[in-house]
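fold the following for me, if possible:
(one chain, ligands or ions: 1)
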Amino acid sequence: MRGPRIDLRVLSKVSFPRSYVSDPDTPVPAEQREIADEQAYVDVVYGRLEASTQAAQALAREGYARGHVGHEGGLVERDAMVYQASKRIAALNAAHEGLVFGRLDLVDGDKRYIGRIGVRDAEREVLLIDWRAPAAAVFYQATAQDPAGVVRRRVLRSRGATVVGVEDELLDGDNAPADMVVVGEGALLASLSRARDASMHSVVATIQKEQDEAIRAPSRGATTIGGGPGTGKTVVALHRAAYLLYVDRRRFESGGVLVVGPSGVFMNYIERVLPSLGETSVTLRSLGEVVDGVSGRRHDAPAVAAIKGSARMVQLLTRAARAAQPGEPTSFRYFYRDDVLRLDDAALHRLRLQLLSGQQRNRAYGRVQKTLLDALWSQVEGERALEKERDEFDKVLTSDDAFLDFAAAWWPPLDAVDVWESLGDPDTLRRHAEGVLKRAEIDLLASAWRSADTGSSSGAPSIEDVPLIDELRYLLGEVPPDDADDDPYDVKQMMSFEREESAVRKQRATQSIEDDSYAHVLVDEAQDLSPMQWRMLGRRGKYASWTIVGDPAQSSWPYPDEAAAARAAALDGKDEHYFRLSTNYRNSAEIYDLAADVARVAIPGADTPDAVRRTGEEPRHVAVSPDEVWPAVRTGVRELAAQVEGTIAVVVPAERRVEATAELAEELDDLDRLRVLDGLDTKGLEFDAVLVVEPDEVVAEAESGWRTLYVVLTRATQLLLTVGSTRRWLDRVEA
Ligand SMILES: Nc1ncnc2c1ncn2[C@@H]1O[C@H](COP(=O)(O)OP(=O)(O)OP(=O)(O)O)[C@@H](O)[C@H]1O
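You can find the predicted model right below:
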């Protein structure tokens with residue numbers, strides 16, 4: 001086991017008298033005087049913020065008034081003014097909490113205040129520097145070894161607009177004035193010890209040097225942020241998104257920034273960080289919700305997910321997109337003057353290939369009638385017919401419902417969801433998968449789609465189905481616009497069931513492919529992306545710069561080489577820049593020592609960071625007989641709840657999730673800070689206390705079981721408890 005670790009940058013070089021505080025919210029007199037001084041300054045800044053908000057509101061009112069002028073120019077002007085004013089109001093409101101968080105005292109006696117946004121006084125003098133501005137960089141970059149002109153760095157802790165504490169670091173004692181006061185226990189350690197709630201918070205006041213370098217890296221190409229668990233990869237990447245919007249707002253706001261994370265729970269967890277930094281224009285999507293109009297909420301079992309995520313699915317889907325769809329007519333007969341014209345199955349097959357050559361199916365839609373007419377005309381032999389021109393032939397057929405209905409039924413515009421659903425039919429699946437997947441894989445896939453639980457043949461899409469649907473969107477091409485939209489008679493003539501079907505189809509139809517592209521794609525937990533998921537994101541980031549966040553040791557995707565190839569294809573030769581974060585800010589050192597031992601014995605090459613905080617609380621392991629597991633878990637939950645103020649997670653093997661929810665019904669009712677999750681659901685999250693049920697089962701669940709256990713153990717900030725009827729994992733770690 002390792003000795004205590006402390007972030008030296010934070011606590012180093014304390015050569016001045018320090019007034020320590022035991023309760024961070026009950027300041028001692030020296031600190032109180034400092035707080036009062038800071039409050040006076042902060043009040044001035046808030047006064048200015050209020051004035052700016054009122055000015056923006058007045059602008060919005062004026063904008064509305066212009067809309068009443070009555071000419072079109074007035075409306076355009078109104079829209080622009082109201083839009084700009086509302087954005088400003090939203091940013092000002094969002095930045096209200098803890099607006100001023102930093103102060104620098106410089107060698108030349110100047111001071112600079114750093115905040116969530118920039119604020120100037122009525123004379124345009126700077127009162128507060130936006131944390132992203134170049135003048136604020138030194139707040140994050142200065143160290144005792146290289147103070148860069150900074151004597152003291154101060155972090156202000158606030159509740160709303162009230163300063164409740166200050167935390168100082170003296171960086172250059174030799175140049176400090178004699179009366180300079182240095183107080184506090186170090187802002188970083190104070191912030192790391194806070195109880196966790198359901199949301200991730202911005203760390204703008206305590207960003208560390210190596211983190212700041214990743215945040216401010218130029219936006220070109222692909223920036224990878226790596227490092228072990230709890231090193232701040234996610235929070236750093238989100239601050240980077242805010243930074244990019246600040247330095248190139250036009251490009252990133254109009255082109256869009258897409259942030260993708262593993263699950264809906266994770267997206268809820270991180271959703272407040274960017275708004276608290278004044279940024280509301282970023283699109284946050286979980287992997288199951290990347291495609292507009294489609295929502296995947298559940299994971300497939302690991303073996304099924306491994307098939308659906310494999311790049312081999314491209315070939316299968318290509319076949320599905322080009323094949324005849326179930327229910328399409330297989331022959332056509334037409335009496336034209338003296339001739340009987342026929343298109344049989346084989347002829348239709350040839351025409352299909354002709355239409356599809358080099359062309360997506362939906363894009364060929366406009367050529368369908370002409371292709372059919374050509375084929376039918378070539379059979380016309382009767383003199384009576386040939387005397388008339390081809391024009392006459394075309395006119396007759398295209399005004400005959402028999403021909404029109406056939407053409408519409410043979411080549412309907414296809415939505416990706418329809419084709420994906422057709423794969424729920426085992427025979428269709430077998431036909432397309434033949435020679436692409438192994439027999440056992442086909443059977444597994446067929447049974448997964450068959451056993452999915454809702455209306456259509458393949459059920460509601462899983463998270464792993466979403467990239468398949470997206471692939472099909474691109475294979476099929478844009479669905480042609482629905483003529484019925486323009487022609488009210490068509491809708492009226494529909495039978496009621498047809499109207500209903502058409503409404504469902506419209507509601508479900510995926511959005512235009514052209515809307516997919518972004519200027520920046522930020523992907524978190526990237527180590528878990530399957531090749532098909534990389535392809536889905538690659539299409540969104542074709543012309544984008546990227547930020548890629550991940551830790552291979554936490555991966556649950558079983559084929560790293562295949563994923564690496566898909567990643568390279570998605571980035572398509574873009575320049576790559578790599579940043580590694582080296583300090584674990586989440587786990588207590590006691591908890592991370594255990595997790596790091598797991599990594600060392602079971603995960604070759606794992607990047608194990610240093611943990612900075614020691615709590616004196618070692619992880620506890622409770623061994624019980626199988627029928628005592630749940631009583632022991634219930635006791636454990638109550639004990640943890642008495643010890644921590646914040647969130648608690650009970651992590652169970654996926655197969656035991658339903659059982660766990662039932663067994664812990666009473667505890668879940670009593671404690672709204674308690675969650676029951678399986679291992680994969682915990683990715684990216686953190687809790688004050690974690691209780692792992694049957695760790696050996698978590699390990700045995702999938703090929704990547706040890707990695708999942710490593711993820712689970714590294715979710716706990718304060719306390720870790722395991723309850724198991726076996727302890728093979730622990731014996732191996734302790735051996
Ligand atoms: N500079 C910092 N100041 C204060 N807290 C920080 C800092 N950096 C990270 N943290 C905190 O450490 C915790 C872990 O951060 P985060 O979730 O971003 O790590 P991660 O590297 O993405 O972890 P994982 O890979 O395990 O999901 C969070 O609570 C975060 O707020």
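
which parts of this structure sit against the ligand?
188, 191-192, 200, 203, 206-208, 211, 227, 229-235, 551, 554, 585-586, 684, 686, 714 (C-beta under 6 Å from any ligand atom). For every residue, glycine as well, the C-beta is placed using N, CA and C.

contacts only, for residue 369.
Applying C-beta atoms under 8 Å, 6 or more residues apart in numbering to residue 369 gives the contacts 398, 407.

confidence score at it?
Residue 369 is assigned 94 on the pLDDT scale.

tell me which element it falls in.
Using DSSP states H and E, residue 369 sits within helix 368-377.

format the CA atom coordinates belonging to that helix as PDB.
C-alpha atoms of helix 368-377 as PDB (Å, rounded to 0.1, in the frame of the first residue of the first chain):
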ATOM      1  CA  VAL A 368     -38.500   4.600 -60.500                       C
ATOM      2  CA  GLN A 369     -41.500   5.300 -62.800                       C
ATOM      3  CA  LYS A 370     -39.200   6.000 -65.800                       C
ATOM      4  CA  THR A 371     -37.200   2.800 -65.300                       C
ATOM      5  CA  LEU A 372     -40.400   0.800 -65.100                       C
ATOM      6  CA  LEU A 373     -41.900   2.500 -68.200                       C
ATOM      7  CA  ASP A 374     -38.700   1.800 -70.100                       C
ATOM      8  CA  ALA A 375     -38.800  -1.900 -69.200                       C
ATOM      9  CA  LEU A 376     -42.500  -2.200 -70.100                       C
ATOM     10  CA  TRP A 377     -42.200  -0.200 -73.400                       C
END
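
quick one: contacts of the helix or strand that it is followed by?
The first helix or strand that comes after helix 368-377 along the chain, using DSSP H and E, is helix 383-387. Applying C-beta under 8 Å, 6+ apart, the external contacts of helix 383-387 come out as 336-339, 380, 393.

count the neighbours of residue 283 for me.
By other C-beta atoms under 10 Å, 12 other residues sit near residue 283.

grab the nearest non-local neighbour of it.
Distances taken as C-beta to C-beta, 6 or more residues apart in numbering put residue 258 closest to residue 283, at 5.0 Å, once the chain neighbours are dropped.

wait, the one you found sits on residue 518?
Yes: in this structure residue 258 lies within contact range of residue 518 using C-beta atoms under 8 Å: 4.4 Å.

so what's in contact with those two at the same time?
Residues touching both residue 258 and residue 518 (C-beta under 8 Å, 6+ apart): 283, 540-541, 544.

check residue 366 and give its pLDDT.
Value for residue 366, per-residue pLDDT: 87.

show me the contacts for the closest residue to it other than its chain neighbours.
Excluding its sequence neighbours, the residue lying closest to residue 366 (C-beta to C-beta, 6+ apart) is residue 480, at 7.4 Å. By C-beta under 8 Å, 6+ apart, the contact list for residue 480 reads 362, 365-366, 413.

what subset of those residues is buried?
Among the contacts of residue 480, those classed as buried by neighbour count (16 or more other C-beta atoms under 10 Å) are 362, 365, 413.

now, which of these sits nearest the ligand?
The shortest gap between the ligand and any of those belongs to residue 362, at 40.1 Å (C-beta to the nearest ligand atom).

can you tell me the closest non-neighbouring residue to the closest one?
residue 477 (4.0 Å).

okay, now the one you found: neighbour count?
Look at residue 477: counted by other C-beta under 10 Å, it has 18 neighbours.

check residue 384 too.
Using other C-beta under 10 Å, residue 384 has 11 neighbouring residues.

distance check, it against residue 372.
22 Å (C-beta to C-beta, to the nearest Å).

what do you get for residue 594?
70 Å.

likewise residue 519?
From residue 519 to residue 372 the distance is 43 Å (C-beta to C-beta).

torsion angles phi and psi at residue 729?
In terms of degrees, to the nearest 10, the main-chain angles of residue 729 are phi -60, psi -40.

I'd like the average pLDDT over whichever strand or helix holds residue 353.
In this structure, residue 353 sits in helix 345-356 according to DSSP H and E. For helix 345-356, the mean pLDDT works out to 94.

by how many degrees do it and helix 368-377 diverge?
140 degrees (axes from the mean of the first three to the mean of the last three C-alpha atoms, to 10 degrees).

show me what helix 345-356 is packed against.
If you count contacts as 3 or more C-beta pairs under 8 Å, 6 or more residues apart in numbering; DSSP states H and E, helix 345-356 packs onto helix 368-377.

buried residues, the helix it packs on. List them.
Buried positions in helix 368-377, judged by neighbour count with 16+ other C-beta under 10 Å: 368-369, 371-373, 375-377.

what's the domain layout of this structure?
10-192, 228-292+511-581, 302-479, 586-734 (automatic domain parsing).

among these, which gets the worst mean confidence?
Ranked by mean pLDDT, the domains of the chain end with domain 10-192 at the bottom, a mean of 79.

give me the buried positions along stretch 419-431.
Within stretch 419-431, the residues that count as buried by 16+ other C-beta under 10 Å are 419-426, 428-429.

swap that for stretch 551-570, please
So, applying 16+ other C-beta under 10 Å, buried residues of stretch 551-570: 551-559, 562-563, 566-567, 570.

can you pull out the strands in the stretch 601-735 of the chain?
With DSSP state E, counting those that start in this stretch as the criterion, the stretch 601-735 of the chain has strands at 610-613, 620-623, 648-652, 674-678, 687-693, 716-724.

now distance to residue 534 too, for those strands, in JSON lines please.
Output for those, formatted as JSON lines (distance: least, C-beta to C-beta, whole Å):
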{"stretch": "strand 610-613", "distance to residue 534": "31"}
{"stretch": "strand 620-623", "distance to residue 534": "38"}
{"stretch": "strand 648-652", "distance to residue 534": "28"}
{"stretch": "strand 674-678", "distance to residue 534": "24"}
{"stretch": "strand 687-693", "distance to residue 534": "30"}
{"stretch": "strand 716-724", "distance to residue 534": "31"}
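
save those as a markdown table, and put in distance to residue 468 and mean neighbour count too.
Output for the strands of the stretch 601-735 of the chain, formatted as a markdown table (distance: least, C-beta to C-beta, whole Å; neighbours: other C-beta atoms under 10 Å):
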| stretch | distance to residue 468 | mean neighbour count |
| --- | --- | --- |
| strand 610-613 | 40 | 23 |
| strand 620-623 | 42 | 15 |
| strand 648-652 | 29 | 27 |
| strand 674-678 | 23 | 21 |
| strand 687-693 | 33 | 27 |
| strand 716-724 | 35 | 26 |
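
contact partners for residue 398?
Counting by C-beta under 8 Å, 6+ apart, residue 398 touches 369, 373, 404.

relative to residue 706, which of those is nearest.
residue 369 (59.5 Å; C-beta to C-beta).

list the contacts for the nearest residue to residue 360 once chain neighbours are set aside?
Residue nearest to residue 360 in three dimensions, not counting chain neighbours: residue 477, with 3.0 Å by C-beta to C-beta, 6+ apart. Shown in contact with residue 477 (C-beta under 8 Å, 6+ apart): 360-363, 513.
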